[in-house]
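Trainee: Whatever this is, show me its structure:
(2 chains)
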Amino acid sequence: MTLRDVPLPDVAGPDVPVPRPPAWARLLPAGSYAGRASALVLRSVTASRRAWLAFVSGFFEPVFYLVAMGQGLGALVGPLPGPDGQPIPYAAFIAPGLLAAAAMNGAVFDSTFNVFFKLKYNRLYDAVLATPLGPVDIALGEIGWALLRGALYALGFLAVMGGFGLLLSPWALLALPAALVVAFGFAAVGMAATTYMRSWQDFDLVTLAILPMFLFATTFYPLSVYPRWLQLLVEAMPLFHAVELMRGLTTGAVHLGMLGHLSYFLVMIVVGLVVAARRLDILLLK
Amino acid sequence: MGDGLVQARDLRKSFGEFEAVRGIDVDVARGEVFGFLGPNGAGKSSTMRMIACVSPRSGGTLQVLGMDPDVDGPRIRARIGVVPQLDNLDQELTVRENLQVYGRYFGLPRARVREKAVELMQFAQLADRADAPVEPLSGGMKRRLTIARSLVNDPELLLLDEPTTGLDPQARHLLWERLYRLKREGVTQIVTTHYMDEAEQLCDRLVVMDGGVIAAEGSPAELIARYSTREVLELRFPPDVAAPVELMTRLAERVEVLPDRLLLYTADGEHLQGELARNGVRPQSALVRRSSLEDVFLRLTGRSLVD
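Mentor: Sure thing, here's the model as predicted:
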């Protein structure tokens, strides 16, 4: 059996045309986008079929927090004022915070540790760049995968919240797309940051950024516990805006100001994507 | 050069102050196997990366498949296959998945990549390892899989960077046989190597590269005829005996003094050996062999290829 039993046609090559890049991609170096980021997402899906355990742990982590803090600690704390001032059970207060944090953690983990490994050790992207795919496809594909994973976690956690009776309003349906936007923002910035990482030591900085946000960005108690100057600091954190968004939606305290929180993430998405694609171009296409 | 698959004029590549490729002209015709022969650091890999459209050129012009890599990178890459110097197989995937997923990067439909993967695993003699992970495969197997992967899009042009470096002789011969088969099927190949036997085995035509420039160009036989003699007499002397270099220079066409041996270039090695014996020269060992590209390289650069 030979590679090809039939003689080669005059011009071989795949009969699949490479699409012209869209106008916005021309902001980036020529040839950096083939419009085929989905192929890389597909690769991640194939690779993670055997690593399903990571999904299980990613799902249970926020659930454990919800049970321990919400049910356990909540019995001692009692109700707290919700976003609109109405008292809500402690579990209903922290659940949207945990949802936001889960979206953040999943996205950051995928776009930093996993991407760094593929960039430096697996040389995955070197192989990918030998195909029509360019740095923009890589950035979009990897962020898309982080997003997909974030969506699965968010969906699972929302279902748990529903089961515990913590979805207090039909607006909660919008928490899923909102979680996607949040995950997208964190994944884009995470990936951009990863392109600057030199060694695994630099990842301590990631932990240093993520952990304080998780603990202090109003996940577990309201902003009013802080003095004003600390409030300003917390309000600058991206997770704070994610928590505000989620808490408003799951409790039904929806207002126009939430568009402001949303735009925080839109900026993160655009800046993260552009920086990540440009940096990949510099790193990989020497 | 109407039908040239690759055409470079005064092609240059610098990394900061360092100029890796310093103005080379290259023409590769359809169907041929073209080689870049040179030591490590000669600029071979930099040239290959520019042709593969993953490294923008610093100067000169370059056309691959009639297109400019700076403008049409994705379009060119869609029609070429690349075997990098270091295997970069996807370690999170199996043998089969490596081929299938790679095919998807080229936009091939699912059914087509499935079929293609089976065909390529047979070509690479890996059919019995289809669903095994990549990591435990031997060096030769990984190399064959990398080559199989580079064929997933039926490339018109195959770029092989040091295809057999680090492989044992058996694995090398198997690989050469596969590459020869591809050549017969009409796949144009560009090969870099620092092994002269590999260049002689594989290449129809090659350039000798050194220090970022092309030192000579031709078929292996042409280069040997042009830059060397038909035969070489290799002599070794005991460390405490001074070799009569002056006498040798008179009898041979050319003499190269290497740290461990002397190379005497001549049309007839046996005859020269006899003449030296008549003049009382008693080497520790003597060997007559045909000239090779190694000798061409030595002549052109004054250095050995592999040191």
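
Trainee: From B:G43, how far out is B:E17?
Mentor: 15 Å (Cβ to Cβ, to the nearest Å). Yep, even glycine has a C-beta here, placed from its N, CA and C like the rest.

Trainee: Can you pick out the residue with more neighbours from the two?
Mentor: Neighbour count, other Cβ atoms under 10 Å in any protein chain shown: between B:E17 and B:G43, B:G43 has more, with 24 against 5.

Trainee: Show me what residue of chain A gets nearest to chain B.
Mentor: Of all residues in chain A, A:G31 sits closest to chain B, at 3.1 Å by Cβ to the nearest Cβ.

Trainee: out of everything not next to it in sequence, what's closest to that residue?
Mentor: B:G73 (3.1 Å; Cβ to Cβ, 6 or more residues apart in numbering or on different chains).

Trainee: Surely B:S45 is in contact with B:T165?
Mentor: No. Contact criterion Cβ atoms under 8 Å: B:S45 and B:T165 do not qualify, at 11.2 Å.

Trainee: Could you pull out the helices in chain B for me?
Mentor: For chain B, the helices identified by DSSP state H occupy B:44-51, B:69-77, B:95-105, B:110-123, B:139-150, B:169-184, B:196-202, B:220-227, B:245-251, B:269-278, B:293-301, in order along the chain.

Trainee: what's the answer for the stretch 101-250 of chain A, then?
Mentor: For the stretch 101-250 of chain A, helices defined by DSSP state H, counting those that start in this stretch occupy the ranges A:115-120, A:124-129, A:135-163, A:175-194, A:203-216, A:228-235, A:238-251.

Trainee: Could you list the buried residues of the first one?
Mentor: With burial defined by 16 or more other Cβ atoms under 10 Å in any protein chain shown, the residues of helix A:115-120 counted as buried are A:115-116, A:118-120.

Trainee: State whether the residue of chain A closest to chain B is indeed within a helix.
Mentor: No. Counting by DSSP: H, G, I helix; E, B strand; the rest coil, A:G31 is not part of a helix but coil.

Trainee: which residues does the residue of the stretch 1-150 of chain B found nearest chain A contact?
Mentor: Relative to chain A, the nearest point of the stretch 1-150 of chain B is B:G73 (3.1 Å; Cβ to the nearest Cβ). For B:G73, the contact set (Cβ atoms under 8 Å, 6 or more residues apart in numbering or on different chains) comprises A:30-31, A:134, B:53-54.

Trainee: pLDDT-wise, what's the bottom of those?
Mentor: Ranked by pLDDT, the contacts of B:G73 bottom out at A:A30 (64).

Trainee: Any stretches of the stretch 1-150 of chain A with poor pLDDT?
Mentor: Applying pLDDT under 70 to the stretch 1-150 of chain A picks out residues A:1-30.

Trainee: how many other residues sit next to the residue nearest to B:D161 when sequence neighbours are not counted?
Mentor: With sequence-adjacent residues excluded and distances taken as Cβ to Cβ, 6+ apart, B:D161 is closest to B:Q85, at 4.3 Å. Residues near B:Q85, counting by other Cβ under 10 Å, number 16.

Trainee: how far away is B:Q85 from A:F117?
Mentor: Distance of B:Q85 to A:F117, given as Cβ to Cβ: 21 Å.

Trainee: Just the local confidence number for the residue of the stretch 1-150 of chain B closest to chain A, please.
Mentor: 90.

Trainee: Please write out the alpha-carbon positions of stretch A:183-190 in PDB.
Mentor: Only the C-alpha atoms of stretch A:183-190 are listed here, as PDB (Å, rounded to 0.1, in the frame of the first residue of the first chain):
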ATOM      1  CA  ALA A 183     -14.700  34.400  31.100                       C
ATOM      2  CA  PHE A 184     -13.800  35.900  27.700                       C
ATOM      3  CA  GLY A 185     -12.400  39.000  29.400                       C
ATOM      4  CA  PHE A 186     -10.300  37.100  31.800                       C
ATOM      5  CA  ALA A 187      -9.100  34.600  29.200                       C
ATOM      6  CA  ALA A 188      -8.100  37.300  26.800                       C
ATOM      7  CA  VAL A 189      -6.100  39.200  29.400                       C
ATOM      8  CA  GLY A 190      -4.700  36.000  30.900                       C
END
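
Trainee: State the mean pLDDT of it.
Mentor: In this model, stretch A:183-190 has an average pLDDT of 94.

Trainee: hmm, who's touching it?
Mentor: Here stretch A:183-190 has contacts from A:103-104, A:106-108, A:110-112, A:115, A:139, A:142-143, A:146-147, A:150-151, A:154, A:206, A:238, A:264-266, A:268-273, A:276, using Cβ under 8 Å, 6+ apart.

Trainee: filter those residues down to the ones near chain B?
Mentor: For chain B, no contacts are drawn from the contacts of stretch A:183-190 by Cβ under 8 Å from any Cβ of the partner chain.

Trainee: Generate the ChimeraX command that creates a selection of the buried members of these.
Mentor: A single ChimeraX command selects the buried members of the contacts of stretch A:183-190 (16+ other Cβ under 10 Å):
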select /A:103,104,106,107,108,110,111,112,115,139,142,143,146,147,150,151,154,206,238,264,265,268,269,272,273,276
